[in-house]
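> just the structure for this:
(chains A, B, C, D and E, ligands or ions: 5)
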Amino acid sequence: ACSSGGSATESTASADGELTHVTFALDWTPNTNHTGLYVALEKGYFEEAGLDVEILPYNGSYPETLIDAGAADFGIGFQDVTTFSMAAGADVQAIMAPIQTWVTAIGMRADDDSIQSPKDLDGLTYAGFGSPSEVPTLQAVIKADGGTGEFENVTLGTSAYEALYSGDVDFTIPFETWEGIEAELNGTPMKYFQFTDYGFPDNYGLLVLGNKTWMGENPETTKAFTQALAKGYEDAIADPDGSAAILMEANPDVLTEEELVTKSQELLSSDFMLDENGEFGLMTDEQWAGLGEFYLESGLLADVDGNTLTEAPDWSSFYTNEYLTD
Amino acid sequence: MKTKRMTRGGFWGTVIPPVAIVLVLLVGWELAVTLTGMRPQVLPAPSRVFVEGFERADIIWGHTLATLQVTLIGFAFSLIVAWAIAIAIDFSGVLRRGLMPLLVASQTIPIIAIAPLMIIWFGFGLLPKILVVALVTFFPIVVGLIEGFNKADRETSNLLRSMGAGRWKEFVYVRLPSAMPSFFTALRISITYAVVGAIFAEYVGAQQGLGIFMSTQKNAFRTDLVLAAVAVTAVLSISLYLLTFLIERVVIPWSFKERKARGAR
Amino acid sequence: MKTKRMTRGGFWGTVIPPVAIVLVLLVGWELAVTLTGMRPQVLPAPSRVFVEGFERADIIWGHTLATLQVTLIGFAFSLIVAWAIAIAIDFSGVLRRGLMPLLVASQTIPIIAIAPLMIIWFGFGLLPKILVVALVTFFPIVVGLIEGFNKADRETSNLLRSMGAGRWKEFVYVRLPSAMPSFFTALRISITYAVVGAIFAEYVGAQQGLGIFMSTQKNAFRTDLVLAAVAVTAVLSISLYLLTFLIERVVIPWSFKERKARGAR
Amino acid sequence: MHAEMTPKIELVGLDKQFALGGGETREVVRDVSFSVKPGEFVSVIGPSGCGKSTMFNIIAGLELPTEGEVKVDGAVVNGQREHFAYMPQKDLLFPWRTIAENGALGLEVQGVPKKKAVERAKSFFSTFGLAGYENAHPYELSGGMRQRAALLRTVVQGREILLLDEPFGALDSLTRIEMQNWLQGVWSEYSWTAVLITHDIREAVYLSDRVIVLTARPASVRLELEIDLPRPRELGIVTSPEFAAYEEQLIEVLHEESRKAFAQQNGAEKR
Amino acid sequence: MHAEMTPKIELVGLDKQFALGGGETREVVRDVSFSVKPGEFVSVIGPSGCGKSTMFNIIAGLELPTEGEVKVDGAVVNGQREHFAYMPQKDLLFPWRTIAENGALGLEVQGVPKKKAVERAKSFFSTFGLAGYENAHPYELSGGMRQRAALLRTVVQGREILLLDEPFGALDSLTRIEMQNWLQGVWSEYSWTAVLITHDIREAVYLSDRVIVLTARPASVRLELEIDLPRPRELGIVTSPEFAAYEEQLIEVLHEESRKAFAQQNGAEKR
Ligand SMILES: Nc1ncnc2c1ncn2[C@@H]1O[C@H](COP(=O)(O)OP(=O)(O)OP(=O)(O)O)[C@@H](O)[C@H]1O
Ligand SMILES: Nc1ncnc2c1ncn2[C@@H]1O[C@H](COP(=O)(O)OP(=O)(O)OP(=O)(O)O)[C@@H](O)[C@H]1O
Ligand SMILES: Cc1ncc(C[n+]2csc(CCO)c2C)c(N)n1
Ligand SMILES: [Mg+2]
Ligand SMILES: [Mg+2]
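Numbering: from 1, shown residues only, chains lettered A, B, ... in the order given. Ligands and ions are numbered 1, 2, ... in the order given. All right, here's what the predicted structure looks like:
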């Protein structure tokens, strides 16, 4: 079950001028979380690295699943789902964290006066995305604020935001840098509760993942890929407006609101993408373990057979900085 | 004399072949998975699907009930709509010519694209799900009913009219009863789509139900439980399918007896 | 004498009623949207759907071609499978009893749950899409063919056998040709599902195609473009549906002529 | 046998044309006039497709004539349906009703409560040789019995005149002979006024007081033949020279018409 | 008319039982023996459902007898199909073939190239009154013409013996009489050996050299009646006293059998 032709053997990058084909699975429709990818693609960084990158559009399956099954080589991930999948033995590993901190938050309409703090969410309706982490995370925040953590959970996936705007649900988890701006531009501004304000561990807002076995067998290609992609993201940090334009040009049928894309990219680039040392993409044991321990204690981690994990796995095996830094 | 082709029927003759085929397929699958050492996230062995599904039988059962509720309410609604449309069409040629192309067109709508919109339009309560189930199932019933009503031919109509019946009495005394066998045939086709439609509707947004269960289990990388739910769906569909035979026998015993008598001659 | 019910046919009598109903619906929709000032993300006016869709006609056209390709390849595959199964079943009673329940069961599989798995199993290429289209469309054709083969009754079979024909010649000379009208009826039902099936398959994973276009536009809150693509889908389906009538007339002219003659009497 | 009196039925210059679309019309009945005396049994015989059923539909009030009048007891009844009980060629028994319920259909449609209607119908069962089959369903009956049940359904309505459109056309020759025999028995008992359409010359002669031969389409009266055979007629009568003479005369006329119809039909179908 | 010689067909003690499932059997044919001389036209007549078609299927080699032998020219031919050309009650013309192609069907099935088979078939068209209809499709033909086409398809095969299973059963009485007339014409021209199943006594007497009456199920020979009427027979003959006498004799026997069949059938259906 392997569709990516290039994954068979390590053809030392650009040795004979032939590009190595790799596939990249997206988590959503193209948005500013993906700017680095499209910049690297459009500016030819991948080609320079001897790579022919094919982007697989979002299709309702987690990139983790696709990468694990060999249907994709790389992809976007989020720390919760990536953690679950790896606990269950998925053949994935994080190789870069383009967003270093929470960029999502608990969001509700700004005009919803009934909600002043997380405990007011009790008894209301949450529009979710089907990830097992959502309810425990929200409950932790609500309980930390003195609530009971009892609320209605409706899995709506891609329709969650419309449901919020139309008032069918009360809260959801938007990306402040994407849906947040979109909502503002379209006249339904939102307000947020930040997870870390309620003692919740920090989280990488965006991950790049790869197939662990494949990467082990093709370290050179992987390195070339990772660094080319990082270059794209770094360009986006340096030149938000220019890279926003590239993103839009690459996705003319989806991204039509210039203001949204530009504003979003400016916000991301300035506030979210570099760590406190001003470095890009690196991950630490502490941040992986911080969120991982919460999931472990909440009983969310299960092994390959579905048995709940009781002991912490080796968090450091969940990610690697080696392809980015070498 | 009119039986088409001799078939060795009987209970065992009907039950053994499909069961045998299913068993062969399952064993082959089990062997393939164990021999290639495939990861259960990609393709779990049937034994695993069964064991894991059984372990969570109570949870699955809860979701099944929710799905069944959506299915039945949606299907009931579908029946009402289908009967109303079919009767209206039976009484008016203009309506028939006006509506039929639209009904056909309605079947070409990609529900996968419309279902999420329905949630925006109608919320995530029962309504959009009922609408999806109805949209998926009403058409075969309408077609079956219209065909059935027309089984009553010109001569029967003349007979009734000669007795002094108007259009309405003709409908009640002839067209309606003679449509029942086609109605049940259509019902059977339709009801197998009903469960799938309900799961579909749940998949795009629900709190409970096999659809949401599948979607969550998929997100939790539990392919085995997804397949367990698929199996439950199939069983549910087939049960409803078989149920229509029972209902048919109760509602129109004459049809069944007649068929049997004709077959036996 | 055998016409069921007098219908005022003619080209205009057939075309005007549905067009009128569609126009009324569209105008009502347009008015409702403009009067309530609904946000186009929730429900765009039909005029907006049309204008915006037209502006992106070239993009949509590209996706349409991709979908058409999947549809046609998938449907061709479906035809091959359906014919193979139907012929096999026609020749073997055991196969019939063994396979039919499984084929019915196959129609109760919620594709929405299976499609993502197909991508894991078969990747992003054409294969999983072809399989989805085939899964959605093969069943009515199999049923239509089997019914059609059985139109040739015992007496016809006896006639052929008295001429010295064996089972195979009987099939070629009688069962096959007499199945053609039912085959085309089934084809018609089936092909309307083909486009929807293709879009479905694309929705869960594709590079190109109306399905992926809808999914992306939906996530980009472009309900108007989603609906434009829905309209294109309907037009595509209906075109294919009408095409089957043409093909039928070319392949089995006798059936058409006979029907016409019988209707006219 | 019957004195001169107002005829029970009188057809005066019936004409029927069907619009075919595209401005064309098809003339099916042309200037048909004849009358039937009370208690008389008249057979109408004519080539296939000549317009017999159309004529019946006009008489029964199911269709309006393009021109002409249908009179019952001297009064014009064009388009009225309450005078005639009509029996079609196919038995058209409803499989979802028992034989008794089928028999009661006409009364029910006319508003008689179901229970009473079924009672009424049941009272005819022994006359019609169906005793014991009241609660059977149609599929349980043989062809001849079904045809008797259909006639019962017609008669139960208690109308003045019976219109029988090839009631035995679908039966095999043997059963047919039995049924003719039986019909002639019940008819002589009830002395209905009856008009029978048939294709079968022997049937026409055997059952009728008078036989009317229609021409090929458009149907008009070609011949009226009084059948002057003693009643009750026995099966043996069909081999008598008188019977044979009637038969011969009808065969001759009819074959001529049949050939015409045949030629016309081929012409029409080549069109 | 025919000298003493080996019979063309000889049936010797034919028996047929069908297994009904559950260990039960249904006896349909019991100890049927009769023979047909070369060039002879024999009609078989019997009540509905008595087993006539089953007997034909055995003769035609479509079914094997439980016991007994079918002989052609003295040789046992149980289960062989090449001696008989068989014409079923329904015309069974294929709508997708022209009349000429329908006529050629038997030859094609037997391996004659299509073109040649169609040629052969066409050579019969004028004899069968179908000239000009070679390229017509079945729906363009009237009932009588379709039946002639079906007979043509049977005859074209050039086999020694024709088996006709109620060829005119579906026609109306008038067309039927025309067809009988016509058949007797072509038969005297070709002098086929033919066995005809019919329900119609008059048809049997009019066409046959000999009539065989079967009992109700299980069918066995109840009566063999030599029809000693001069040939060629004209339509007028049916009203002759000799004809009438044969008819009367057959009616009597048959009615008795019919009543038996009827009683049996009702019994069976109540079962
Ligand atoms: N509503 C109609 N419109 C046009 N033509 C009609 C209509 N009804 C009957 N006809 C034509 O009128 C002719 C006579 O039909 P009718 O049924 O009266 O004949 P018939 O003598 O009863 O035939 P049969 O012996 O087959 O019962 C036929 O050619 C038929 O096609
Ligand atoms: N394969 C079979 N298995 C069981 N019973 C059969 C089978 N074929 C025929 N029969 C029975 O045998 C009886 C005689 O059938 P057959 O068709 O030979 O009668 P028939 O004399 O030709 O009747 P008809 O006059 O209606 O043509 C019927 O009761 C029928 O149900
Ligand atoms: C732009 C954008 N919006 C929403 C999601 C969906 N999503 C994936 S993870 C997550 C947080 C809650 O689990 C959400 C909302 C996305 N991927 N990208
Ligand atoms: Mg008629
Ligand atoms: Mg028979």
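> what residues sit buried inside stretch A:144-162?
Of the residues in stretch A:144-162, those buried by neighbour count under the rule 16 or more other C-beta atoms under 10 Å in any protein chain shown are A:144-145, A:147, A:149, A:151, A:153-162. (Glycine included, C-beta is placed from N, CA and C.)
> please see if stretch A:127-136 touches chain B.
Yes: judged by C-beta under 8 Å from any C-beta of the partner chain, stretch A:127-136 comes into contact with chain B through A:Ala127, A:Gly130, A:Ser131, A:Pro132.
> just how off-centre is that stretch within its chain?
Computed by C-alpha atoms, centre = their mean, to the nearest Å, the separation of stretch A:127-136 from the middle of its chain amounts to 15 Å.
> and the contacts of it?
With C-beta atoms under 8 Å, 6 or more residues apart in numbering or on different chains as the contact definition, stretch A:127-136 has outside contacts at A:78, A:80-81, A:84, A:126, A:153-157, A:159-161, A:163-164, A:168-169, A:171-173, A:294-295, A:298, A:300, B:124, B:212, B:215-216, B:218-220.
> so does that stretch get close to ligand 3?
Yes: judged by C-beta under 6 Å from any ligand atom, stretch A:127-136 comes into contact with ligand 3 through A:Phe129, A:Ser131, A:Glu134.
> in ChimeraX, select just the buried ones from those residues.
Provided next is the ChimeraX selection string for whichever of these are buried by 16+ other C-beta under 10 Å:
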select /A:129,131,134
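> make a markdown table out of the residues of stretch A:127-136 next to ligand 3 and add pLDDT.
Written out in a markdown table, the entries for the residues of stretch A:127-136 next to ligand 3 read as follows (pLDDT from 0 to 100):
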| residue | pLDDT |
| --- | --- |
| A:Phe129 | 87 |
| A:Ser131 | 86 |
| A:Glu134 | 92 |
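> same for ligand 2: which of the residues of stretch A:127-136 next to ligand 3 are within range?
With the criterion set as C-beta under 6 Å from any ligand atom, no member of those is near ligand 2.
> thinking again about what came up before, out of the contacts of stretch A:127-136, who's near ligand 3?
Restricting the contacts of stretch A:127-136 to those touching ligand 3 (C-beta under 6 Å from any ligand atom) yields A:Phe78, A:Ile173.
> tell me the one of the residues of stretch A:127-136 next to ligand 3 nearest D:Asn57?
A:Phe129 (68.8 Å; C-beta to C-beta).
> do you know how far that closest one is from chain E?
Between A:Phe129 and chain E the computed distance is 57 Å (C-beta to the nearest C-beta, to the nearest Å).
> next one: D:Ala19
24 Å.
> any idea whether the closest residue in space to that residue that isn't next to it in sequence is helix, strand or coil?
In this structure, D:Ala19 finds its nearest non-sequential neighbour in D:Thr25, 5.6 Å apart by C-beta to C-beta, 6 or more residues apart in numbering or on different chains. Judged by DSSP: H, G, I helix; E, B strand; the rest coil, the three-state class of D:Thr25 is strand.
> quick one: mean pLDDT over the helix or strand hosting B:Val136.
Element membership of B:Val136 [criterion: DSSP states H and E] is helix B:126-149. Averaging pLDDT along helix B:126-149 gives 93.
> ok, for the most centrally placed residue in chain B, nearest residue in space, not its chain neighbours?
Geometric centre of chain B, nearest residue: B:Ile191, 1.7 Å, by C-alpha atoms, centre = their mean. Distances taken as C-beta to C-beta, 6+ apart place B:Leu240 nearest to B:Ile191, at 4.8 Å, with adjacent residues excluded.
> secondary structure element holding the one you found?
helix B:223-251.
> mind checking what helix or strand follows that helix in sequence?
The first helix or strand that comes after helix B:223-251 along the chain, using DSSP H and E, is helix B:253-264.
> pretty sure the residue nearest to the centre of chain B sits against B:Thr137.
Yes: using C-beta atoms under 8 Å, B:Ile191 is in contact with B:Thr137, at 7.2 Å.
> now do the shared contacts for those two.
B:Phe75.
> what stretches of the stretch 1-150 of chain D score poorly on pLDDT?
Counting by pLDDT under 70, the stretch 1-150 of chain D shows low-confidence ranges at D:1-4.
> closest point of it to ligand 3, which residue?
For the stretch 1-150 of chain D and ligand 3, the shortest gap (C-beta to the nearest ligand atom) falls at D:Trp96, measuring 57.4 Å.
> check contacts around that residue.
With contact taken as C-beta under 8 Å, 6+ apart, D:Trp96 is in contact with B:Pro177, B:Ser178, B:Met180, B:Ile252, B:Trp254, B:Ser255.
> likewise for B:Ile141?
Contacts were defined as C-beta under 8 Å, 6+ apart; by that measure B:Ile141 touches B:Ser78, B:Leu79, B:Ala82, B:Trp83, B:Ala86, B:Phe183, B:Ala186, B:Leu187, B:Ser190.
> need the nearest residue in space to it, chain neighbours excluded.
Leaving out its chain neighbours, the residue that sits closest to B:Ile141 by C-beta to C-beta, 6+ apart is B:Ala82, at 3.8 Å.
> distance of the one you found relative to B:Thr108?
Distance of B:Ala82 to B:Thr108, computed by C-beta to C-beta, to the nearest Å: 18 Å.
> between the two, which has more neighbouring residues?
Neighbours of B:Ala82 and B:Thr108, each counted by other C-beta atoms under 10 Å in any protein chain shown, are more numerous for B:Ala82; the result is 27 against 22.
> pretty sure that one contacts B:Phe138?
Yes: contact criterion C-beta under 8 Å: B:Ala82 and B:Phe138 qualify, at 4.4 Å.
> now D:Ser35: phi and psi?
With angles defined as degrees, to the nearest 10, D:Ser35 sits at phi -140, psi 160.
> repeat that for D:Trp192.
Listed backbone geometry of D:Trp192 is phi -70, psi 160, with angles given as degrees, to the nearest 10.
> could you do D:Glu224 as well?
The phi and psi values for D:Glu224, taken as degrees, to the nearest 10, are phi -120, psi 130.
> helices of the chain, residue ranges please.
With no chain named, the answer covers chain A. Counting by DSSP state H, the segments of chain A that form helices are A:35-42, A:45-48, A:63-68, A:79-87, A:134-144, A:160-165, A:179-185, A:212-217, A:219-238, A:240-250, A:258-271, A:285-297, A:322-325.
> actually it's chain D I care about, not the one you picked
Going by DSSP H, chain D shows helices at D:52-59, D:99-109, D:114-122, D:143-156, D:173-190, D:201-207, D:241-270.
> on that earlier part again, just say helix, strand or coil for the residue nearest to the centre of chain B.
Assignment for B:Ile191 (three-state DSSP): helix.
> can you count the residues close to the nearest residue in space to A:Tyr58 that is not next to it in sequence?
Leaving aside its chain neighbours, A:Tyr58 sits nearest to A:Leu26 (4.7 Å; criterion: C-beta to C-beta, 6+ apart). Per other C-beta under 10 Å, the neighbour tally for A:Leu26 reads 20.
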